[in-house]
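> Here is my input; please provide its structure:
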Amino acid sequence: MREQPVLVFDGDCGFCTTSVRFAERRIGVRARVTPWQFADLAALGTTRERAEREVLWVERGRVYGGAQAVARLLVAAGPPWSLPGLALRVPPFRWAAQGLYRLVARNRHRLPGGTPACALPAGRR
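Purely as a prediction, here's the structure:
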């Protein structure tokens with residue numbers, strides 16, 4: 001029996017939590033979903049620093065982050081989501097998705113659903 005993939009996200013970030021809950025309801029995430037704050041990151045093959053920076057998809061011992069984690073989630077969800085997920089894995093869509101993901105991740109503290117946990121320290125605002 002194949003081990004279920006794991007989706008790791010920032011449970012202290014309101015925007016992140018809202019996005020994951022939306023994906024669970026609308027897309028049908030086929031993975032064990034866990035905030036990084038409660039995950040055994042070492043056992044998953046990743047670090048706290050990486051988990052704080054981006055959403056992670058862990059499958060068969062490989063860790064995918066950011067836009068590629070989202071692409072893997074979509075592929076695993078099956079039709080009709082697998083087609084956009086596959087598209088996000090190849091250039092030029094991959095490059096665009098990575099850029100968009102970085103933009104959203106950098107500004108998540110400004111987006112709806114954010115909480116004080118998402119806020120930048122005063123010196124970085």
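> Tell me where the chain is predicted with low confidence.
Applying pLDDT under 70 to the chain flags the ranges 1, 114-125.
> residue ranges of the helices in it, please?
Assigned by DSSP state H, the helices in the chain fall at 14-22, 41-44, 48-53, 67-77, 82-87, 93-106.
> Any chance you could spot the residue sitting in the middle of the chain?
Val55 (2.7 Å; C-alpha atoms, centre = their mean).
> Test my guess that that residue contacts Gln68.
No - applying C-beta atoms under 8 Å as the test, Val55 and Gln68 come out as separate, 9.7 Å apart. Using the backbone N, CA and C atoms, a C-beta is placed for each residue, glycine as well.
> show me the contacts for Trp36.
Residues near Trp36 by C-beta atoms under 8 Å, 6 or more residues apart in numbering: 8-11, 48, 51-52, 56.
> Please name the residues that touch the nearest residue to Thr17 once chain neighbours are set aside.
Computed as C-beta to C-beta, 6 or more residues apart in numbering, the closest residue to Thr17 that is not its neighbour in sequence is Gly11, at 6.2 Å. Residues in contact with Gly11 (C-beta under 8 Å, 6+ apart) are 17, 35-38.
> same thing but at 7 Å, please
17, 35-37 (C-beta atoms under 7 Å, 6 or more residues apart in numbering).
> before we move on, the earlier item: can you report phi and psi for the residue nearest to the centre of the chain?
phi -70, psi 150 (degrees, to the nearest 10).
> burial count for Ser82?
Residues lying near Ser82 (other C-beta atoms under 10 Å) number 14.
> Tell me which residues touch the residue nearest to the centre of the chain, please.
Per C-beta under 7 Å, 6+ apart, neighbours of Val55: 8-9, 66, 69-70.
> if we go to 8 Å?
7-10, 16, 20, 65-66, 69-70.
> Glu59 too?
5-6, 72, 76.
> For it, give its distance to Gly99.
Counting by C-beta to C-beta, to the nearest Å, the separation of Glu59 from Gly99 is 24 Å.
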